[in-house]
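**Student:** no FASTA, just this:
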């Protein structure tokens, strides 16, 4: 059974805080099934946007696990802001979570796939 988006985001943030990182919800979407987009900023100012992976990327052994893929990576964040605006026009119920994972790598926090 897949957990609600609200519960999943809360668990992600709790894990990040528990490992010494920081996170904040920038945009709260549909509580039950909103798509989640994750922003990360590294110490050099590079911003990356991760979003839901295409359905073809899902692991049949774990069909309920949320999969993410890298959508954009930018030094000033302008391309990412444009991408998020397009996503909001397409689906106003998206979640945007910004994290600074600290010493933990993003691949250790969420399941990443390559498109």
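**Tutor:** Right, received. Where do you want to start? Everything numeric here is computed off the predicted structure, so don't read it as measured data. Numbering: from 1, shown residues only.
**Student:** drop to CA atoms for contacts and neighbour counts, all remaining ones
**Tutor:** Fine.
**Student:** what element comes up after the longest strand anywhere in the chain heading to the C-terminus?
**Tutor:** Using DSSP state E, we find that the single longest strand of the chain is strand 67-74. Using DSSP states H and E, the next helix or strand after strand 67-74 towards the C-terminus is helix 78-90.
**Student:** so how far is the lowest-mean-pLDDT helix or strand in the chain off the chain centroid?
**Tutor:** Ranking every helix and strand in the chain by mean pLDDT, DSSP states H and E puts strand 111-112 at the bottom, with a mean of 82. Offset of strand 111-112 from its chain centre (Cα atoms, centre = their mean, to the nearest Å): 10 Å.
**Student:** Kindly report the same for stretch 11-26.
**Tutor:** Remark: stretch 11-26 is offset 12 Å from the chain centroid, using Cα atoms, centre = their mean.
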